[in-house]
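Undergrad: Okay, predicted coordinates and the sequence, questions at the end:
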Amino acid sequence: MSVVFENVGFNILSAVIIKTIEIGWRIIQDPESAFREHEKIRIRLRAQIRGWEAINTHFHNASIQSTISKSDFALYGDIITELLHLLREYVKRKCKDPKEREKLLAETDMTGKIQELEGTPMLNLTEEEKKEQTRGWLRFRSQVKYGIWDKTRDRDLIAEIEQWGRILDEFSSHVLPAIVTGSKYKTLFNESLPHTDFTAQVQLARFSSAVEPDISVLSRQEQTDFSINGSRVEFAPGPLEFTPPPSRARTPRPGTSPQDLLKHELERRSELGGQDRRRWIKFQQSDTAWTKAILEFKPAPMPSEPKLDPTSLGDWNITQENAKVIKMLRVASRDPTKYRILYCEGVYSQPDYFGFIYRVPMVPAHWRNPRCESLGNILLNGRHIDNLGLNLENRLKMAKALAWAVLELHLVDFVHESIHPDNILVFGEFHGNAIHFAWSDPYLVGFHCSREVEGASTKLRNNPTHWTARLYTHPDRQMPAFKRFERVYDIYSLGVVLLELGLMTSFMESGNLAMFCSEGWDPPKYRNYFIQKARGLERILGTTYMEVVLTCLDGTFQDDGYLLMTQFRNKVCEKLDRIKLS
C-alpha cells in the first residue's frame, strides 16, 4: 500500500471527524440544548470532544498512518460515522429554529465523504480483516445497548452519544499507544493529550523533564522523600513493623534438589503468596497513625546494575528501572478497574533487600471482616476451590480481568516478567465458614521484576526460594543462552494461569510438583504438557476459552509491538469477552 493511498483514507476520515467535532461543539454551546440541563453530562461530552480533536491530530502522524491495521482503521470509521449520525439526529429532534436546524444539518452532511471513504484502499479488507471488524463492531454495539437500555427516548439519545464517545476513547487508548511506544510516545502525545486518554497519562508519567533535586547533603534520617525526574518517590521511614513478626529461614543453597526446594517453598506459604515474597506490615510516616500495607521483597540489585546516583543515595538500593516502575504503579493505580494495580507507597530498604510498599485497596463499607489471598493459595485450598468452582462465571470474570490487565500494562510500555498465581491477589470478606472473594477484581503484584519494554533485560535469576515460578516462565527464558524478555512471555505465563483457572487445579499441588521434578522433565516438556491439558478445556468452559489458552501457550504472534498487542486484544481479550454463559 502506498503512502498516497494511506493519506487519502486518513484525510477523508479526518474530514468526517472535523464535522463531528463541529456539530458536537455547536450542540453543547446551544443555550437551549438538553445538555445544558445536565451539567455533568455536558462536561463529560466536552472532554470527549477534546479527545476527538487529539485523535484527529494523531491521524496526521506518519507513524499512525503507516502502521495501523485496516480492521482498526475500519472500526475508527464505523465509530466516528455513528457518532456523527447520532449528533445529527439530536439536532433534528431538539433544534427548535427550523432555519438553524437545516443549516447545521447541511453543513455537517458527510454522506458523499463517507461513501468516498468506503472506496479507499484502507477499507479494502481481507476476509479475516472483515471478521475482525465485524466482531469489534458487534462488541461495541452490545456495550452501547447495555448502557442505554433503561433510558427514556430523549435521554437514550444523549446516553448513546456519550457511550459511543467513551468507546472511541477506549478504542484509541488500545490502538494508538500500541503503535507508538517508548520515547516516541512523548513526541506523539505530549502536545495533544486527550484528558480522557488515561493510558497516555500513565505513559507520560515517565517522561518528565524536571530536574532531580540534589539530596547529597541530606542526612539519612531526612531522606524520606525526593523526586525522580519530577515525580516524588517516598521512602517509608522507620518505624516499620511486620505483622506477625517475621520468622527467619535459611535460604537454600545452590544445588539443592528440586524436592527440597519445593519443601522449603511450601513451608513458607502465606496468604500473600509466601513469606519470602511479601508480608503484612504497619508503617508510620511522621506523626501519623500506623498504616497497614503490604511489603513486597526484592533482592538487592547486583553491583553491575545501574544506580540513580550512588554518591547521593548512599546505601539506598533503588535503580532507574525501579523508579520508573514506582511512577507507573502510582499513576496506573488511580484506575484499578483498568490496570488491576495497587498504589505504591514507596520503598523500604535493608542492606540485603528492599521492598515495594503497596497500599491496601478500599473495600466495600459493608465488609466486616476483609481478607486477602493469593490466587495460588485459593487454587491450593479445597474450600476456596469449591467457592470459585460453584459458578463458572467466577472463573470467567477473573480470566477476563487478568487478560485485560496484562494488555493495559503492555500498552504503557511495561512488561511484568513474573505473572503466576502467587503474584495475583484477591480480596474478599470472611463470612460464615468461607471467604466471599471479589472474583472480578484481582490485583497484579510481583512488580519486583518489571521494567520498561526497552529497559535493560537481565538474565533470569536462579532464585532457589521461588522454584515453582519457573512453571509459569516461558521455556525460552529458561535456556542456558540469554534471551531478552518479551511481551509474548507474559502472555505465555497468563496462559498457564488461565489453564489452572479452567481446570480448577494448581500446578503447585504436591502431586503435580512431584511429576514436574521427576527425571526427564524440563521447561519445553512443561509447555507441551500444558498444551495437552488445555485441549481438555473445551468440555469445561467451551471451545472459545480453550482457543484463548492455546493461543497464549502457542505464542504464535507476529512481533513484539503493535501487531502483537492487536492480535492479543483480538484473539485473547475480546475473545474472552464474547464468552457468555447461558
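TA: Perfect, thanks for sending it. Numbers count the residues shown, from 1 in each chain.
Undergrad: Tell me the secondary structure at the closest residue to Glu538 other than its chain neighbours.
TA: Once flanking residues are discounted, Glu538 sits nearest to Met546: 4.5 Å by C-beta to C-beta, 6 or more residues apart in numbering. For the C-beta atoms, the positions are set from N, CA and C on the backbone; glycine is no exception. Under the three-state scheme (DSSP: H, G, I helix; E, B strand; the rest coil), Met546 adopts helix.
Undergrad: thought Met546 was touching Arg535?
TA: Yes. Contact between Met546 and Arg535 holds when scored by C-beta atoms under 8 Å: they sit 6.6 Å apart.
Undergrad: Out of these two, name the residue with the larger neighbour count.
TA: Neighbours per residue (other C-beta atoms under 10 Å) separate Met546 from Arg535, with Met546 holding more: 19 against 11.
Undergrad: mind listing what the more buried one touches?
TA: By C-beta atoms under 8 Å, 6 or more residues apart in numbering, Met546 lies in contact with 502, 534-535, 537-538.
Undergrad: Just the buried subset of the residues you listed, written out for ChimeraX, thanks.
TA: Applying 16 or more other C-beta atoms under 10 Å to the contacts of Met546, the buried members can be selected in ChimeraX as follows:
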select :502,534,537
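Undergrad: Can I get the contacts of Met546 in TSV including distance to Lys19, secondary structure and pLDDT?
TA: Converted to TSV, those look like this (distance: C-beta to C-beta, whole Å; DSSP: H, G, I helix; E, B strand; the rest coil; pLDDT from 0 to 100):
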residue	distance to Lys19	secondary structure	pLDDT
Gly502	47	helix	91
Ala534	48	helix	93
Arg535	51	helix	93
Leu537	48	helix	91
Glu538	48	helix	91
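Undergrad: biggest separation within the contacts of Met546, which pair?
TA: Across the contacts of Met546, the longest distance by C-beta to C-beta is 11.1 Å; it joins Gly502 and Arg535.
Undergrad: Next up, the contacts around the closest residue to Gly555 other than its chain neighbours.
TA: Distances taken as C-beta to C-beta, 6+ apart place Val488 nearest to Gly555, at 5.0 Å, with adjacent residues excluded. Shown in contact with Val488 (C-beta under 8 Å, 6+ apart): 474, 555, 557, 560, 564.
Undergrad: Also Tyr472?
TA: 419-421, 493, 496-497.
Undergrad: Distance check, it against Val8.
TA: 47 Å (C-beta to C-beta, to the nearest Å).
Undergrad: What of Leu176?
TA: In terms of C-beta to C-beta, Leu176 sits 21 Å off from Val8.
Undergrad: neighbour count winner among these two?
TA: Legend: neighbour count by other C-beta under 10 Å for Leu176 and Val8, higher for Leu176 (27 against 17).
Undergrad: Just the C-alpha atoms of whichever strand or helix holds Lys282, please, in CSV.
TA: Lys282 is part of strand 278-283 when elements are defined by DSSP states H and E. Coordinates of the C-alpha atoms in strand 278-283 are reproduced here as CSV (Å, rounded to 0.1, in the frame of the first residue of the first chain):
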residue,chain,number,x,y,z
ARG,A,278,5.6,-10.4,50.7
ARG,A,279,4.4,-9.7,54.2
TRP,A,280,1.8,-7.7,56.0
ILE,A,281,3.4,-4.6,57.6
LYS,A,282,2.4,-1.5,59.5
PHE,A,283,4.4,1.7,58.9
